[in-house]
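> Predicted model and sequence follow; I will ask about them next.
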Amino acid sequence: MDTDSTCCLAASYEAKVYGVKTGTSVKDAKNLCPHINLVVARPKLYVEYQQKIIQAMEEHLPVYKAFSVDEMACQLMGREQFLPNATTLGYRIKQSLRNLGVALRCSIGLAPNCYLAKTAADLCKPDGLTILLKKDLPHALHCMKLRDVVGISHAMEHRLHNRGITTVEQLCKLSSPQMRDIWGSVQGETMWYWLQGEDWKEKADSPRKSIGKQHVLAPKYRTKEQAYNVALKLLSNAAIKLRRLNMWARGIGVTIAFSHRFREIKNEAEPSGWNAHRNIYACRDTMTLQDHFRELWKDCPANTPMHVGVWLFDLIPDKFHTLGFFDDEKRETISGVMDAINKEYGQHTVYMGGLHGLGDAAPTRIPFFSVPELEDF
């Protein structure tokens with residue numbers, strides 16, 4: 001959305017010189033770089049191109065995992081791991097992506113594991129091919145700054161400084177128990193193995209337990225009544241995804257973040273947020289879920305909402321669902337017919353009457369660390 005209240009999702013290298021980066025508010029970006037050229041995000045187009053990019057990559061290597069809309073990993077097998085062959089594959093992938101569009105560039109990292117491959121790719125942007133060999137680790141990483149290490153945030157850098165760790169060389173000299181102690185979780189130990197070049201496998205993806213949708217409200221929707229309508233739209237989208245995954249929900253929740261202003265009458269700070277949830281009989285039709293949502297909403301404070309989210313939890317796949325006394329076959333059928341029409345003619349071609357007039361509210365966006373399906377748009 002082209003307003004000063006939104007933020008920059010990405011910045012060009014030219015804009016970064018002026019201090020504009022991911023998360024910078026549009027207002028601040030204009031102050032930092034008065035001649036900046038702002039482009040409204042087009043999430044659906046990005047997901048379409050991600051699918052084209054994956055197809056182009058798989059002409060050479062199968063994509064092992066898509067971590068985000070612009071980050072994928074491939075696993076080299078057998079003779080592909082021979083360095084000249086791996087390098088050749090990397091350049092072939094680069095050329096295939098360039099064939100999709102003359103402006104498309106990519107950085108490729110070759111390393112013993114996905115973590116170091118991402119690290120290597122980040123070392124030479126926007127069009128590099130960087131190789132980190134296990135025999136060169138960890139001293140090949142010593143030239144980096146702590147914040148350049150994937151997984152080290154500003155807060156973690158501060159925590160490391162408090163332990164006397166100010167360089168990557170010092171970080172790499174830590175033991176795995178020390179890393180686990182600093183991170184306060186097994187993630188620190190896992191990072192230690194990754195930094196050593198070990199192919200430390202991630203845990204297999206566990207079954208989906210919840211579906212969530214959230215949205216920062218535009219100024220015109222920052223009332224309790226309008227936030228309610230936007231939440232209904234988010235719930236409708238969550239229910240559509242629930243049915244597409246062929247799952248049932250046994251819980252529903254809602255969360256609100258309020259503005260940080262003061263009540264004029266009571267002269268007291270408003271609460272920062274509100275949330276509520278409840279367990280329900282397994283269902284997946286939109287109308288029944290809306291009924292449960294309305295009951296939760298009755299307790300929502302009449303403050304100024306800034307952010308609204310809904311989630312469906314305690315999910316079970318269709319094969320584990322058994323018919324119950326409270327199942328409404330008519331509602332299930334109606335939801336199924338609406339899904340079929342929307343799949344054929346486009347999302348929200350038909351919708352519940354309460355959502356009328358909300359066409360521009362809560363559009364599908366691309367969250368960090370996951371990619372929506374084209375059917376979500």
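Thanks, I have it.

> make it CA atoms for all contacts and neighbour counts henceforth
Will do.

> And for Ile131, nearest residue in space, chain neighbours not counted?
Distance criterion Cα to Cα, 6 or more residues apart in numbering; nearest residue to Ile131, sequence neighbours excluded, is Leu110 at 4.7 Å.

> In contact with that neighbour: list those residues for me.
Going by Cα atoms under 8 Å, 6 or more residues apart in numbering, Leu110 touches 86, 116-117, 120-121, 129-132.

> Counting only helices, which of those residues make the cut?
86, 116-117, 120-121 (DSSP state H).

> Closest one of those to Leu217?
Nearest to Leu217 among those, counting by Cα to Cα, is Ala121 at 35.5 Å.

> burial count for the closest one?
22 (other Cα atoms under 10 Å).

> roughly how far apart are the nearest residue to it once chain neighbours are set aside and Lys125?
Residue nearest to Ala121 in three dimensions, not counting chain neighbours: Gly109, with 4.2 Å by Cα to Cα, 6+ apart. According to Cα to Cα, to the nearest Å, Gly109 and Lys125 sit 10 Å apart.

> More neighbours: which of the two?
When neighbours are counted by other Cα under 10 Å, Gly109 and Lys125 differ, and Gly109 comes out ahead with 26 against 15.

> isn't the more buried one right up against Lys118?
Yes - between Gly109 and Lys118 there is a contact under Cα atoms under 8 Å: 6.0 Å.

> where in the stretch 1-150 of the chain is pLDDT low?
Judged by pLDDT under 70, the stretch 1-150 of the chain has its weakly predicted residues at 1-2.

> about what we covered before: what two of the contacts of Leu110 are the furthest from one another?
Spatial extent of those (Cα to Cα) is set by the pair Ala86 and Leu116 at 15.3 Å.

> who's more crowded, these two?
The neighbour comparison of Ala86 against Leu116 (other Cα under 10 Å) goes to Leu116, with 26 against 17.

> need the contact list for the more buried one.
For Leu116, the contacting residues are 109-110, 132, 194-195, 197, by Cα under 8 Å, 6+ apart.

> Now do the phi/psi pair for Arg250.
Dihedral angles of Arg250 (phi, psi; degrees, to the nearest 10) stand at phi -120, psi 20.

> and it, what pLDDT?
Per-residue confidence (pLDDT) for Arg250: 94.

> what number of residues lie near it?
By other Cα under 10 Å, the residues close to Arg250 number 17.

> Quick check: it vs Asp299, distance?
21 Å.

> what about Pro34, distance to Val26?
From Pro34 to Val26 the distance is 11 Å (Cα to Cα).

> out of the two, which sits in the more crowded spot?
Remark: of Pro34 and Val26, Val26 carries more neighbours, 20 against 10, as counted by other Cα under 10 Å.

> Next up, the contacts around that one.
Counted by Cα under 8 Å, 6+ apart, Val26 has contacts 3-8.

> Pull out the buried members of these.
7-8 (16 or more other Cα atoms under 10 Å).

> ok so, going back, now tabulate the contacts of Leu110 in JSON lines and tack on distance to Val168.
JSON lines is the format used below for these (distance: Cα to Cα, whole Å):
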{"residue": "Ala86", "distance to Val168": "27"}
{"residue": "Leu116", "distance to Val168": "14"}
{"residue": "Ala117", "distance to Val168": "17"}
{"residue": "Ala120", "distance to Val168": "15"}
{"residue": "Ala121", "distance to Val168": "17"}
{"residue": "Leu129", "distance to Val168": "22"}
{"residue": "Thr130", "distance to Val168": "19"}
{"residue": "Ile131", "distance to Val168": "18"}
{"residue": "Leu132", "distance to Val168": "16"}
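
> ok, so of those residues, who is nearest Tyr13?
Taking Cα to Cα as the measure, Ala121 is the one of those closest to Tyr13, at 15.9 Å.

> What are the boundaries of the helices in this protein?
Secondary structure of the chain (DSSP H): helices at 13-16, 26-32, 43-57, 83-100, 114-123, 154-162, 168-172, 176-183, 186-195, 224-244, 286-297, 329-345.

> Going by neighbour count, list what's buried in the fourth one.
If I follow you right, that is helix 83-100. By neighbour count on 16+ other Cα under 10 Å, the buried set for helix 83-100 is 86-87, 89-90, 92-98.

> Same question for the third one.
Applying a neighbour-count criterion of 16+ other Cα under 10 Å, the buried positions in helix 43-57 are 43-44, 46-47, 50, 53-57.

> I'm done for today, thanks for sticking with me.
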